[in-house]
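Asker: Task: produce atomic coordinates for the following.
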Amino acid sequence: MRPFAMPSSTAAATRAQRGFMMLEALIAILIFSLGILAIIGLQAQSVRNSAEAKYRADASFLANQIIGRMWANRGALASYAYNANGTCTSAGSAPTFADVTSWAANVSTLLPDAPATRQSITVANDRTVTVRICWTSPTGPHNMLVTTRISN
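Answerer: From the prediction side, this is the model:
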C-alpha cells in the first residue's frame, strides 16, 4: 500500500458525497433568491400603498378646500349644491357655480379618473354639507365622504 492512499471504504464514501456541496450551494441560492423576490414584492406593495395614501390625502385636502370656501361664502351656501343625487357610479351634470367649477377642475387634476360629473356636494336645510369625492386608482374605485355643519 502506498503511504497516502485511502482505504477503499473511505474512497467509496468520498465518491458518494461528490456533488453534495454543489447541491447545498444551489439550495442556498434558491432560498436567497426567494428572499430577494419577497423583498421586491414588499417594495412594490409599499409603493402602491404610498400612492393610495397620497390620493386619500389629496381627496381630504380637496374636500376641506370646498368646505372652507363655503364657510367664507356662507351667504351663498345653497349655490354650492351640486350633483346632489350623484353617486360614484353615475355621472351627473357639470357644475355651474364658479367656486364649484374651479374646485371640480382641481379634483379632476389631482385625482386619477375623477371627472367633475362624478363629484357631489349636498347642502341640507339645516346647513349640513356633505361632500363626496370619487376617483378610480389602479387598485379600484374609491370615494371620500365628508360631512359638516356650517353655522350662520
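
Asker: which helices and strands does the helix or strand hosting Asp58 pack with?
Answerer: Assigned by DSSP states H and E, Asp58 falls within helix 20-72. Helix 20-72 is packed against helix 98-110, strand 128-137, strand 140-149, with contacts defined by 3 or more CB pairs under 8 Å, 6 or more residues apart in numbering; DSSP states H and E. Every C-beta, even on glycine, is put in place using the N, C-alpha and C of the backbone.

Asker: who's in contact with the longest one?
Answerer: Translated: helix 98-110. 58, 61-62, 65-66, 69, 73, 79-80, 82, 94-95, 114-116, 119, 121, 133, 135 (CB atoms under 8 Å, 6 or more residues apart in numbering).

Asker: Same check on the second one?
Answerer: Judged by CB under 8 Å, 6+ apart, the contacts made with strand 128-137 from elsewhere in the structure are 51-52, 55, 59, 62-63, 66-67, 70, 77, 80, 86-88, 107, 111-114, 118-124, 141-150.

Asker: Mind giving me the PyMOL select for these, buried ones only?
Answerer: Only the buried entries of the contacts of strand 128-137 go into this PyMOL selection, using 16 or more other CB atoms under 10 Å:
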select buried, resi 55+59+62+63+66+67+70+80+86+88+107+111+114+118+119+120+121+122+123+142+143+144+146+150
